[in-house]
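**Student:** what follows is a protein structure lacking sequence information:
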């Protein structure tokens, strides 16, 4: 009898321990990164949040206003990884199980469940409150405040209007969308011989991408595209409402500011570039000037917040560039160990990403994972399907 009980005990106890370790015991996010120390000449900690005095508290609620062709996929992927590993809830269009975007679709404040996939947590489901929004959605502060948790951080990523416009013009095939541009040797330059005429030839959806698209996502109506005073007033309001405006041309610098404001670690902001274009059009100085004039509202928006970024860097203090160099050393370390030089082409040959150099390594798989795979994991997770461990 004693032997039989002992045998049962020896079989059942390990099983209970395994279940407890996988389901109950919190997943250690630090452990997998410790082995990167050997590739880190500075000996920096990936888990350093810069809080030497113990007076900063990690913030987990964030809205990223994602506009077109500004490098937003890379930032969205950072947020997918961050939220997934912490079981956070994402704002997702319940009718779009391939990307979750809302785009121009509005959320019903009284009944958000008509549009949004329910949050993960039971209490959040009752209140329809979310932690992260990183999909394409027009900025609507009252509505976003109604579905986001309290103390949500609002951020947007802007790009130089010249490179943003060139990227959108190429990515959305405007030379095919606008019939009079077909067959032109330089359709971008030809567009500016009569921009109002050519924009009128595009579909309604694509017209939004042909002028001041970044400000469009912040709800600036086309009626005010030439109204300098209204544009300045709107920029002043946004300056007060937005917690951080990141600049693509200073992406690493922007991430260091985000890290500090959110009390995050270097691990939280590590990235591998996503959705990079294969082909780019060379823009002459003359065409660049035409793009800036045509996108005057975007230019004013970008110039204002670029100046503010430099001001915030100055306010950060003398440690800013030490932190920036530390982060870039970590980036180089992880890239050397994880990123394959072979390009993985997607979007019908328009874009590429880099795959993992080490398919047997969880860390490398996580960092190089494409946005679509992240979204599918989060979609399934938010539907309540068990996926463990959270790290991978």
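**Tutor:** Thanks, I have it. Predicted model only: the values in this text are computed from it and were never measured.
**Student:** next, residue 88: secondary structure please.
**Tutor:** Assigned with DSSP: H, G, I helix; E, B strand; the rest coil, residue 88 falls in the coil class.
**Student:** report the central residue of this structure.
**Tutor:** residue 76 (2.0 Å; CA atoms, centre = their mean).
**Student:** any idea of the pLDDT on the closest residue to residue 302 other than its chain neighbours?
**Tutor:** Using CB to CB, 6 or more residues apart in numbering and skipping residues adjacent in sequence, the residue nearest residue 302 is residue 158, 5.2 Å away. To be clear about C-beta, it is placed using only N, CA and C from the backbone, and glycine gets the same treatment. With respect to pLDDT, residue 158 scores 98.
**Student:** do the same with residue 391
**Tutor:** pLDDT at residue 391 comes out at 48.
**Student:** again, but for residue 363
**Tutor:** Confidence score, pLDDT, at residue 363: 78.
**Student:** now name the helix or strand holding it.
**Tutor:** Counting by DSSP states H and E, the element that carries residue 363 is helix 362-368.
**Student:** may I see the buried residues of the helix or strand that that helix is followed by?
**Tutor:** As assigned by DSSP H and E, the chain's next helix or strand after helix 362-368 is helix 371-382. For helix 371-382, the neighbour count (16 or more other CB atoms under 10 Å) marks 371, 374, 375, 377, 378, 379, 381, 382 as buried.
**Student:** which elements pack onto the longest helix along the chain?
**Tutor:** In the chain, with assignment by DSSP state H, the single longest helix is helix 296-316. Where contact means 3 or more CB pairs under 8 Å, 6 or more residues apart in numbering; DSSP states H and E, helix 296-316 is packed against strand 153-158, helix 161-171, helix 213-216, helix 228-241, strand 244-247, helix 251-262.
**Student:** return the residues in contact with the residue nearest to the centre of the chain.
**Tutor:** 64, 66, 134, 135, 371 (CB atoms under 8 Å, 6 or more residues apart in numbering).
**Student:** how deep is the fourth one tucked in, by neighbour count?
**Tutor:** Residue 135 has 21 neighbouring residues, counting by other CB atoms under 10 Å.
**Student:** what is the mean pLDDT for stretch 378-386?
**Tutor:** 82.
**Student:** pull the distance from that stretch to the chain's centre.
**Tutor:** Its chain's C-alpha centre and that of stretch 378-386 lie 20 Å apart, by CA atoms, centre = their mean, to the nearest Å.
**Student:** in a helix, the residue nearest to the centre of the chain, correct?
**Tutor:** Yes: under three-state DSSP, residue 76 falls within a helix.
**Student:** ok, it to residue 155 distance?
**Tutor:** 11 Å (CB to CB, to the nearest Å).
**Student:** for residue 376, same thing?
**Tutor:** Taking CB to CB, one finds residue 376 at 24 Å from residue 155.
**Student:** kindly report the same for residue 235.
**Tutor:** Relative to residue 155, and taking CB to CB, residue 235 is found at 16 Å.
**Student:** how about the helices and strands packed on helix 296-316 in CSV, adding mean neighbour count and distance to residue 189?
**Tutor:** Converted to CSV, these look like this (neighbours: other CB atoms under 10 Å; distance: least, CB to CB, whole Å):
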stretch, mean neighbour count, distance to residue 189
strand 153-158, 22, 24
helix 161-171, 22, 11
helix 213-216, 24, 19
helix 228-241, 14, 26
strand 244-247, 22, 26
helix 251-262, 20, 28
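**Student:** quick one: the ones you listed as JSON lines, columns for distance to residue 320 too.
**Tutor:** Listed next are the helices and strands packed on helix 296-316 as JSON lines, based on distance: least, CB to CB, whole Å:
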{"stretch": "strand 153-158", "distance to residue 320": "18"}
{"stretch": "helix 161-171", "distance to residue 320": "25"}
{"stretch": "helix 213-216", "distance to residue 320": "26"}
{"stretch": "helix 228-241", "distance to residue 320": "21"}
{"stretch": "strand 244-247", "distance to residue 320": "15"}
{"stretch": "helix 251-262", "distance to residue 320": "7"}
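**Student:** as a check, name the ranges of all strands in the stretch 51-200 of the chain.
**Tutor:** 62-65, 132-133, 153-158 (DSSP state E, counting those that start in this stretch).
**Student:** which helices and strands does the second one pack with?
**Tutor:** By that I understand strand 132-133. strand 62-65, helix 72-84.
**Student:** can you say which of these is packed in most?
**Tutor:** Among the helices and strands packed on strand 132-133, strand 62-65 has the highest mean neighbour count (mean count of other CB atoms under 10 Å), at a mean of 24.
**Student:** which residues touch that one?
**Tutor:** Against strand 62-65 from outside (CB under 8 Å, 6+ apart): 72, 75-76, 79, 131-134, 137, 139, 144, 148, 152-157, 217-218, 262.
**Student:** mind picking out the helix or strand in this protein with the poorest mean pLDDT?
**Tutor:** helix 2-19 (a mean of 45; mean pLDDT, DSSP states H and E).
**Student:** can you give me the pLDDT of residue 27?
**Tutor:** With respect to pLDDT, residue 27 scores 40.
**Student:** likewise the one 3 residues further on?
**Tutor:** Among the per-residue scores, residue 30 holds a pLDDT of 49.
**Student:** show me the shaky parts of the protein.
**Tutor:** 1-47, 49-54, 342-343, 346-352, 357-361, 385-392 (pLDDT under 70).
**Student:** ok, back up a step: how near is the residue nearest to the centre of the chain to residue 70?
**Tutor:** 11 Å.
**Student:** next: residue 322.
**Tutor:** 28 Å.
**Student:** and what of residue 362?
**Tutor:** Counting by CB to CB, the gap from residue 362 to residue 70 is 30 Å.
**Student:** more neighbours, those two?
**Tutor:** residue 70 (24 against 13).
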